[in-house]
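>>> only the shape, not the letters, is given here:
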Ligand code: N01
């Protein structure tokens, strides 16, 4: 855009400086726009800035979990492990931010409190506040882009008594930067999703006693993490950009394994079993690619789930404990599959205790520890690995008001409503990167982030070229898309679990399947079709 709109401070404000916000800033600079990013943390990184818990590691392979837009950037970085640990990812993000000189346009330690659309000026009034309480400002921008991440609103359940607890407590998603030494301490861990599964073995390697409160057993498989050989890192650099194009055509935005296209019924049972075995031992999400119907047909899923349970059981010597660690209440893959390192084996250690928090729910925190059922477990520290208000929590954490004073929180009271996961009717020039209704958390996030950022960039270029002031989804297009997401979800087994994908982990949150399960490739075709038809389903305003 040649000139900044009169009365505006910025062409665009971006909320969040994780992978999405950083790339969005870079692309909008390329359009010549005046952009400001606000970030709550005092550095870049988003999810990798906050999730510093012991064992935090990505579950997508590092050679694929990186930006794919710049040959220079990817060639200048060497990943050390198959699955990167949090410190390495954060170093990479800082490397990219420095390389692109991004930090000068980012205001750190500042949260965006509210964003209101002013119809007269067609600008967003965006109010910020410093995290140390030292004030804030209101700025006006034509576009407001939420790069707030899908898993960034960390959630500690509302347990009575927490304020009276005499020990230390932590949430995995908001871990102290200086780290925590649990040596000699009695630690209680609540939650056994990916964060619990990753952190428990390491906490157990330090603590004198660990009590794990498990409400739902999860499917977990050995990650098979290892050091990368320099020659494989070098080889990956020759193909990364091409590989990324390929990844954009796949279901999950990942190319390190292929999904079988055959239905299980068309496969020889022995071959199916062998494939399950091979994929399990590959580590990673390959296991969920065994047949085309594994996530759609319960009987097929049962075959995989039985296989997974037998593998899991074999890892634990104490068979009573092993049995409790096996998931029977949901199909495999409908809650995020966990990748672990020595998680199940940890429960054979004498100082590690498993408490069934389904039979004996955690009812309150006492001054001395955790009360589960009618028993009090005395601990020196509590780790809440209790997850996030996923997909909508961080977006609605900003008080967003659109046309005619409509609040996004009210509009989404029965579940998020978006067109393509990119925008919501009545909220012009507001974009979500990997918002609800897009593949997002069911995919390699960086691939989906790049897909959205590239699309938004082209869209803004189109508006500028046509001298158009605004774009917003039509209600009809949004209704159709929401219905389509629900229809596709209903053909899968996903709605059969009480997962955060469904909002089920937050008491009172509407239970709606939030990500789009149609796959990155199919979704990308839809994005291209919409843009190709001059933003079909969007209203463009002069
Ligand atoms: O959170 P979760 P997470 N009483 O919601 C339990 C990504 N991630 O931080 O299942 C007792 O999965 C809850 O029990 P239940 C990844 O996408 C990726 O672990 O609701 N328990 C569950 O066990 C992942 O899926 C990586 O019955 C309570 C746990 O807390 C997502 O982030 C690493 C409870 C929460 O599990 C979230 O993972 C980490 C209560 N009142 C995270 N409330 C990698 O890349 C909640 N729970 C590997």
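Yep, that arrived. Please read all numbers here as calculations on a predicted model, not as lab measurements. Numbering: from 1, shown residues only.
>>> so who does residue 36 touch?
Shown in contact with residue 36 (C-beta atoms under 8 Å, 6 or more residues apart in numbering): 9, 10, 12, 13, 14, 105, 106, 107, 139, 141. For the C-beta atoms, the positions are set from N, CA and C on the backbone; glycine is no exception.
>>> if you could redo that for residue 361, that was the one I meant.
Residues in contact with residue 361 (C-beta under 8 Å, 6+ apart) are 215, 372, 373.
>>> restrict the residues you listed to those near the ligand?
Filtering these for proximity to the ligand by C-beta under 6 Å from any ligand atom leaves residue 215.
>>> now, of the contacts of residue 361, which are buried?
Among the contacts of residue 361, those classed as buried by neighbour count (16 or more other C-beta atoms under 10 Å) are 215, 372.
>>> take the contacts of residue 361 and keep only those in helices.
Counting by DSSP state H, no part of the contacts of residue 361 is found in helices.
>>> just curious, which of the contacts of residue 36 is nearest to residue 284?
Nearest to residue 284 among those: residue 14, at 31.3 Å, using C-beta to C-beta.
>>> spell out which parts of the stretch 201-350 of the chain neighbour the ligand.
Selection of the stretch 201-350 of the chain residues close to the ligand by C-beta under 6 Å from any ligand atom yields 213, 215, 216, 336, 339.
>>> just the buried residues of the residues you listed.
Burial by neighbour count, judged by 16+ other C-beta under 10 Å, picks out 213, 215, 216, 336, 339 from these.
>>> on the three-state scheme, the first one is what?
Pointing back at residue 213 there. With DSSP: H, G, I helix; E, B strand; the rest coil as the basis, residue 213 sits in strand.
>>> tell me the pLDDT of it.
Listed pLDDT for residue 213 reads 98.
>>> so it makes contact with residue 371?
No. Assessed by C-beta atoms under 8 Å, residue 213 is found out of contact with residue 371, at 10.5 Å.
>>> give me the common contacts of the two.
residue 362.
>>> list the residues that contact residue 39.
So residue 39 contacts 16, 17, 21, 106, 107, 108, 109, 110 (C-beta under 8 Å, 6+ apart).
>>> do you know how far it is from residue 133?
As defined by C-beta to C-beta, to the nearest Å, residue 39 lies at a distance of 17 Å from residue 133.
>>> check the gap between residue 202 and residue 61 for me.
According to C-beta to C-beta, residue 202 and residue 61 sit 21 Å apart.
>>> and if you look at residue 492?
As judged by C-beta to C-beta, residue 492 and residue 61 stand 24 Å apart.
>>> compare the two and say which is more crowded by neighbours.
Ranked by neighbour count (other C-beta atoms under 10 Å), residue 492 and residue 61 place residue 61 first, with 25 against 19.
>>> wait, a helix at that one?
No. Applying three-state DSSP, one finds residue 61 to be coil, outside a helix.
>>> that one reaches residue 81, doesn't it?
No. Counting by C-beta under 8 Å, residue 61 sits too far from residue 81 to count as a contact (9.4 Å).
>>> what sits against residue 342?
Each residue near residue 342 by C-beta under 8 Å, 6+ apart is listed here: residue 201.
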